[in-house]
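In: fold the following for me, if possible:
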Amino acid sequence: MKYGYTKQIELPFDKAVVKVKEELPKEGFGVLTEINVKDTLKKKINVEFDNYIILGACNPALAHEALLSEREIGLLLPCNVIVYEKDGAVFASGIMPTVAMGMVENEELHTISEVVEEKMKTVINNL
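Out: Got it, this is the predicted structure:
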C-alpha cells in the first residue's frame, strides 16, 4: 500500500530541506517538529545513516477540524514530510492522509483528509 507521495528533487539535500520548509506555509502548514535521523542515529546508537530529515507539519485549521470530528485523531498527527538522500539522489515525500486515516470509520474525517492530502501533494509537486 502506497502511503507517501514522493518526488525526486534536483537540489542538494540541505537546499531541498530549505525548499520544503518554504513550500509548506504556502499551503497553510507550519513545521512543529524536525528530527535529523542521521544525527540521532549516530548519537544514540553510533551508526552511520544517509541524510534524512522528518518534518512534523501541521495545518492548524484542518487539524482543528479533524480533532473536532475525531478526538483520538491526534494519534496520527502531525502530517510527516521527509527529505532524504539515497544513492546520491534527493527525495521528498509527504504522508497521504487518506491512507493514514483510512482506518478510522468517520466520513467527516475522510473529507478533511482529502483536503489535507491535496495540499500535501501541492507542496511536493512544487518542489
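In: in the sheet, who's paired with residue 7?
Out: residue 92 (DSSP bridges).
In: just checking, it touches residue 89?
Out: No - using C-beta atoms under 8 Å, residue 7 makes no contact with residue 89, being 10.9 Å away. Any C-beta I mention is one placed from the backbone N, CA and C, and that applies to glycine too.
In: more neighbours, the two?
Out: Neighbours were counted for residue 7 and for residue 89 using other C-beta atoms under 10 Å; residue 7 has more, 16 against 11.
In: give me the contact list for the helix or strand harbouring residue 16.
Out: Following DSSP states H and E, one finds residue 16 within helix 13-23. Contact with helix 13-23 is made by 9, 11, 31, 51, 53, 55, 81, 83, 85, 90, 92, 123, 126-127, as judged by C-beta atoms under 8 Å, 6 or more residues apart in numbering.
In: from the chain's centroid, how far away is that helix?
Out: Distance of helix 13-23 from the chain centroid (C-alpha atoms, centre = their mean, to the nearest Å) equals 13 Å.
In: using CSV, list the CA coordinates for the next helix or strand after that helix.
Out: Per DSSP H and E, the first helix or strand lying C-terminal to helix 13-23 is strand 30-36. In CSV, the C-alpha atoms belonging to strand 30-36 read as follows (Å, rounded to 0.1, in the frame of the first residue of the first chain):
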residue,chain,number,x,y,z
GLY,A,30,3.8,25.0,9.8
VAL,A,31,6.7,22.8,10.9
LEU,A,32,6.1,21.7,14.5
THR,A,33,9.0,19.2,14.8
GLU,A,34,12.2,18.5,13.0
ILE,A,35,14.1,15.3,13.5
ASN,A,36,17.5,14.8,12.0
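In: could I get the phi/psi values of residue 77?
Out: Note on residue 77: backbone dihedrals following degrees, to the nearest 10 are phi -110, psi 160.
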